[in-house]
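J.: this one's structure only:
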């Protein structure tokens, strides 16, 4: 464990050579208002804030923190739609990719086949966070998607709180399918004391090279301020267990409880939590490789 520093992010001086470490955020949300012209589904979760979050706002935060690119995850409360993400890719060339939402009930592999032709579309994002969705992870209704995504070479990001054990047989059956586990599989209701046990539940997945860990949103689960000493311990454990080539950094910026630059700072090699090789991989290189995002 590195010596903790109490310096603020503004006291760190990054090298002028930006190629030394290109930072890519593995999770951001953008959304529009619930309106007659663009209605949300009748049953939806609560947005991270009352006011919609725009691509323009995210770009401003990324530029302030020297983050090169970000993956847009269309939020669940808008339903299975990707239109705003596709528009953001067009508006900000080279800055955004998309892990698109798909209707699990459609059961049609052809619904995925055209995704490679959609600018910026990198793969699929699934959530199994509501009670009625829990059974979907273990019954036959999702097998078409695992099989189809594997055949098409589409990575899948997913969140399945409390069901880490259910991911083991999926990873075993579909070893050519890249599975990226969001937020270390923590639920939105998790607290700091839950992080360690949830990480422990992920350890059976270490043996599967096709499983990637997304170290994202962790400040949302703790009250400790920067430089987040307890979170540093959890990050170190995940990177040591899965290896830096199987870990990616992300923010979930719209619900982040700290300043974006603070969370970014931990994943700069100059901070010291990760060495240069680890920081380069976790901060962006691994994400580019597993999403085939050159």
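T.: That came in fine, so what should we check first? A quick note: this is a predicted structure, and the numbers were derived from the prediction, not measured.

J.: how about the strands in this protein?
T.: With strands called from DSSP state E, the chain shows them at 24-28, 69-72, 96-100, 121-127, 156-159, 179-181, 211-216, 247-250.

J.: save those strands as JSON lines, and put in mean neighbour count, mean pLDDT and distance to residue 170 too.
T.: Just so you know, the C-beta spots here come from the backbone N, C-alpha and C atoms, and that holds for glycine as well. Shown next, in JSON lines, are the strands of the chain (neighbours: other C-beta atoms under 10 Å; pLDDT from 0 to 100; distance: least, C-beta to C-beta, whole Å):
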{"stretch": "strand 24-28", "mean neighbour count": "27", "mean pLDDT": "98", "distance to residue 170": "20"}
{"stretch": "strand 69-72", "mean neighbour count": "25", "mean pLDDT": "98", "distance to residue 170": "21"}
{"stretch": "strand 96-100", "mean neighbour count": "25", "mean pLDDT": "97", "distance to residue 170": "17"}
{"stretch": "strand 121-127", "mean neighbour count": "23", "mean pLDDT": "94", "distance to residue 170": "11"}
{"stretch": "strand 156-159", "mean neighbour count": "24", "mean pLDDT": "96", "distance to residue 170": "9"}
{"stretch": "strand 179-181", "mean neighbour count": "25", "mean pLDDT": "98", "distance to residue 170": "7"}
{"stretch": "strand 211-216", "mean neighbour count": "25", "mean pLDDT": "98", "distance to residue 170": "9"}
{"stretch": "strand 247-250", "mean neighbour count": "27", "mean pLDDT": "98", "distance to residue 170": "19"}
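
J.: same list (the ones you listed) but as a markdown table, adding distance to residue 42.
T.: Shown next, in a markdown table, are the strands of the chain (distance: least, C-beta to C-beta, whole Å):
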| stretch | distance to residue 42 |
| --- | --- |
| strand 24-28 | 26 |
| strand 69-72 | 24 |
| strand 96-100 | 22 |
| strand 121-127 | 17 |
| strand 156-159 | 22 |
| strand 179-181 | 29 |
| strand 211-216 | 29 |
| strand 247-250 | 29 |
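
J.: what angle sits between the lengthiest helix in the chain and strand 211-216?
T.: In the chain, assigned by DSSP state H, the helix with the most residues is helix 229-242. Interaxial angle, helix 229-242 versus strand 211-216 (axes from the mean of the first three to the mean of the last three C-alpha atoms, to 10 degrees): 170 degrees.

J.: pLDDT on helix 229-242, on average?
T.: Helix 229-242 shows an average pLDDT of 98 in the prediction.

J.: of all the strands of the chain, which lies closest to residue 108?
T.: Across the strands of the chain, residue 108 has its closest neighbour in strand 121-127 (13.2 Å, C-beta to C-beta).

J.: rewinding a little: counting contacts, what elements does the longest helix of the chain pack onto?
T.: helix 192-202, strand 211-216 (3 or more C-beta pairs under 8 Å, 6 or more residues apart in numbering; DSSP states H and E).

J.: which residues does it contact?
T.: 1-2, 4, 184, 192, 195-196, 199, 202-203, 206, 211-213, 215, 218-219, 222, 224, 247, 266, 273-274, 278, 282 (C-beta atoms under 8 Å, 6 or more residues apart in numbering).

J.: let me know how buried residue 281 is, in neighbour terms.
T.: 23 (other C-beta atoms under 10 Å).
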